[in-house]
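*Asks:* Predicted model, plus sequence, below.
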Amino acid sequence: MLSKKRTITSALMAFVLASVCVGIGAWALSHYSKDIPLIQNINPVKQSEAVSKPAVETVLLLGKGGENHDGGDLTDTIMIAQILNEKKQIHLISIPRDFLVFDERGNYSKINAVYVQAKNTGKSDEEAIQALKDVLTKITGISLDHYAQIDFDGFVSLVDTLGGVEVDVKELIDDPYYPGPNYSYQRFTIQPGIQVLDGATALKYARSRYTSKGGDLDRSRRQQQILSSVRDKAFTLNPILDAPKILSIISTAQSSLTTDLSLNDMRRLYDTYKDSQDYELFSLVVGENLLTGNIKEGYRQFGNSRGYILEPRIGEQNYLEIQEEIANIASQEEYNTKIESLVKSNQKLEIIWGEEISTLDKTHIVQFLRARGFVVDTTNLNVLDLEIIPTENTLYRGNNPYSGVEGEESLLNTSMSYLSSIFQANTDTSQPLATDIPVLYISTPLTF
């Protein structure tokens, strides 16, 4: 699991957009609008307007090939930037392009094809983006406010305009399968070490994946590395000395950037965050560790070919483990330690279902709890065994035979504390049950 934590510089919104290179032009519009009369005249904002910070704001950041590339509408870079103003944090979450998703009819595809498939059914660009937003919200549990998307040509132009970007290449990449024109291949090789990459090379570095040990997950890590470097380079621009570069970035944004952020939105967001000196950044590539993480590799039939996919480890379309990992992005080491302890405990647990819990929710909850080390039984008790039926999730500790035994008691407390926390369960009950095993009554689905 990738975990990075550092102080964000003054222009927080600049980072959010620049982090996927979709908003360098938007950032320039916002950052230099008071210095360039052309920008001031486009869509001026009244300086007297009051700006307030929302508690949470999210931007979906997308990168696609564009008209001059094969599969030009596939969204091969998918990131979510979540700004938590009350906690003074930014969460940057990368979703692998090969993640398996399903539509409402049960048809499956890779997540990078959701946008183009929606367009192919006659949906508008905005409707296709919304279709992708809906899928991502289902996976991550995060509601998405805005989006910004850039194509590959725009990415190359922005990096070249900035004079290239410096990256620390962690390992040799020798990829003979890098996509070439007309669905051909071309070899891409880059040596390890600190290097300054031009736009074309930076794009290849961010896209190559077939010869990396972690495949698409390694690519997501490199994308975050490139985008951080782009952000740092963009902050060095001077509104007077670098005015030609800024105007070039604006021109690139106009031709390669699509977003539902208006100029007013951008300037409002910039004004909101420009004085934020103490935000922390936490970044995560979903399922980064294929050996112990929450997604696994597989293959599915796509037309006449068999394609590589990534899917939830605990069960098809069960995103609870992913959502829990995202919810703990700011405390990943502590979270990992807690989960490791739970898995070792093998705590027995009986579940009584409330009437409002669907069959699918029952399946997902049991899969999730078993992945957390619980030995779950849903057949021994039912709601009729309760003298008083609760109106909320309730945890009955039970007359566990290991209570008071050193070591075993600690494991029990860890398990009970975890269940109480994630289900927000009431534990203030003395109702006797005919079992020595803890019992969890579930009246509402599990959400993070």
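*Replies:* Received, thanks.
*Asks:* can you give me the helices for the stretch 251-400 of the chain?
*Replies:* In the stretch 251-400 of the chain, the segments counted as helices under DSSP state H, counting those that start in this stretch are 263-273, 320-327, 332-345, 359-371.
*Asks:* Now render those as CSV, adding mean neighbour count and mean pLDDT.
*Replies:* Bear in mind the C-beta positions are built from the backbone N, C-alpha and C, glycine included. Supplementary listing: these in CSV, determined by neighbours: other C-beta atoms under 10 Å; pLDDT from 0 to 100:
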stretch, mean neighbour count, mean pLDDT
helix 263-273, 20, 58
helix 320-327, 22, 96
helix 332-345, 15, 88
helix 359-371, 17, 97
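*Asks:* what residue ranges in the stretch 51-200 of the chain score low on pLDDT?
*Replies:* Along the stretch 51-200 of the chain, the model assigns pLDDT under 70 to residues 51-52, 65-72.
*Asks:* 50 instead?
*Replies:* Across the stretch 51-200 of the chain, no stretch falls below the confidence threshold (pLDDT under 50).
*Asks:* Asp98: which of the helices of the stretch 251-400 of the chain is closest?
*Replies:* Nearest to Asp98 among the helices of the stretch 251-400 of the chain is helix 320-327 (14.6 Å), distances taken as C-beta to C-beta.
*Asks:* so where's the stretch 301-448 of the chain shaky on pLDDT?
*Replies:* Filtered on pLDDT under 50, the stretch 301-448 of the chain yields the residue ranges 400-407.
*Asks:* 90 instead?
*Replies:* 302-305, 332-333, 336-338, 340-347, 379-389, 396-416, 427-437 (pLDDT under 90).
*Asks:* Show me where it has its strands.
*Replies:* In the stretch 301-448 of the chain, the segments counted as strands under DSSP state E, counting those that start in this stretch are 305-312, 348-353, 375-377, 394-396, 439-442.
*Asks:* Repeat that for the stretch 1-150 of the chain.
*Replies:* Counting by DSSP E, counting those that start in this stretch, the strands of the stretch 1-150 of the chain are 5-7, 56-64, 75-84, 89-94, 100-102, 108-110, 146-151.
*Asks:* Just send the ones you listed back as a markdown table, with distance to Glu350 too.
*Replies:* Conversion of the strands of the stretch 1-150 of the chain to a markdown table gives the following (distance: least, C-beta to C-beta, whole Å):
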| stretch | distance to Glu350 |
| --- | --- |
| strand 5-7 | 40 |
| strand 56-64 | 36 |
| strand 75-84 | 36 |
| strand 89-94 | 35 |
| strand 100-102 | 31 |
| strand 108-110 | 34 |
| strand 146-151 | 44 |
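*Asks:* just how off-centre is the lengthiest helix in the chain within its chain?
*Replies:* When secondary structure is assigned using DSSP state H, the longest helix within the chain turns out to be helix 216-234. Once both centres are worked out by C-alpha atoms, centre = their mean, to the nearest Å, helix 216-234 turns out to sit 14 Å from its chain's centre.
*Asks:* Okay, domains of the protein per the record?
*Replies:* 5-313, 331-442 (automatic domain parsing).
*Asks:* Pick the most buried one from the ones you listed.
*Replies:* Mean neighbour counts were compared across the domains of the chain using mean count of other C-beta atoms under 10 Å; the top stretch is domain 5-313, at a mean of 18.
*Asks:* Same list, the helices of the stretch 251-400 of the chain, but as CSV with distance to Asn413 please.
*Replies:* Formatted as CSV, the entries for these read as follows, by distance: least, C-beta to C-beta, whole Å:
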stretch, distance to Asn413
helix 263-273, 42
helix 320-327, 20
helix 332-345, 10
helix 359-371, 17
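*Asks:* what are the ranges of the helices in the stretch 51-200 of the chain?
*Replies:* Secondary structure of the stretch 51-200 of the chain (DSSP H, counting those that start in this stretch): helices at 114-120, 125-140, 152-161, 199-207.
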